[in-house]
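Asker: Turn this into a model:
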Amino acid sequence: MKTVSGYPCIGIAVVVLVAVSMFFTGCTSTPGQGSAVPVSTSAPVTTPAPVSTEVGTSLPYGVTISVPAGWTRQDVLTSGVRDYGTTTLNIANFYSPDYIPGDRESSMSLSVDLDQNPGADFERYFNNATLAVGKTYGVPTMIEAHSYTITISGYKSYELDFQTAEVKGTYIFTSTENGMYIFAFKVPNKPPAVQAFQGAIVDMYKSIRINPPVADVTRQR
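Answerer: Next comes the predicted model:
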């Protein structure tokens, strides 16, 4: 059993280099490039984040999460291609204050997404996502990626950690009977921001609770 950031993790560890396209030979999905492209023209609604990390924020699609004081919440509910290569529904985003005074590029972000049709093969889905992240951030720069099996709200989850010269990220993929939930934490790779990131992320993802909505099925008489 490995210990990463103070918590136990089991499973696989991988290193993705420049030739990241060879990492998962045989995967057939085509990763997306760039940022999400919303399909809705409605403007996102920004609301204050909770004032305490002990108070959960309820989101659509059965998600509850606690975030530090001072963060802001953006309700989105639009679909687009993510940096992990899949078109998903962006439920909401959270943004921290700037970790470096005067530096607007030093804040941490959390994207909460849902893929309602991920397919039955979780390992393949995660492998394709890892490949896509490598292509997005790792070419031509070297990227290191480590993945671990964890549990989120009782559901099997894979955690993907990666770091480049510009960005550090921790993405959590949680497989449920109602789809794949993706919690994507990212921060600029600057020492004060990374230090704050490492201190906050464990408590945040441990606070996640998922209660997927269940379809209302009328009994046949």
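Asker: use CA for all of it now, contacts and neighbours both
Answerer: Will do.
Asker: Which parts of stretch 121-138 count as buried, going by neighbours?
Answerer: Neighbour counts over stretch 121-138 (16 or more other CA atoms under 10 Å) mark 122, 124-138 as buried.
Asker: Okay, and which of those map to helices?
Answerer: Within the buried residues of stretch 121-138, residues falling in helices by DSSP state H are 122, 124-137.
Asker: where does residue 129 land on pLDDT?
Answerer: Among the per-residue scores, residue 129 holds a pLDDT of 94.
Asker: which residue packs closest to it, ignoring adjacent ones?
Answerer: Closest residue to residue 129 apart from its sequence neighbours, by CA to CA, 6 or more residues apart in numbering: residue 84 at 4.6 Å.
Asker: What of residue 93?
Answerer: Spatial nearest neighbour of residue 93, excluding adjacent residues (CA to CA, 6+ apart): residue 111 at 4.5 Å.
Asker: Surely the one you found and residue 96 touch.
Answerer: No: using CA atoms under 8 Å, residue 111 is not in contact with residue 96; the gap is 12.0 Å.
Asker: more crowded one of the two?
Answerer: Set residue 111 next to residue 96 and count neighbours by other CA atoms under 10 Å: residue 96 wins out with 20 against 17.
Asker: Contacts only, for that one.
Answerer: Contacts for residue 96 were tallied using CA atoms under 8 Å, 6 or more residues apart in numbering; they are 70, 71, 72, 107, 108, 109.
Asker: follow-up on the earlier one: kindly confirm my reading that the residue nearest to residue 93 is in a helix.
Answerer: No: counting by DSSP: H, G, I helix; E, B strand; the rest coil, residue 111 falls outside a helix, being strand.
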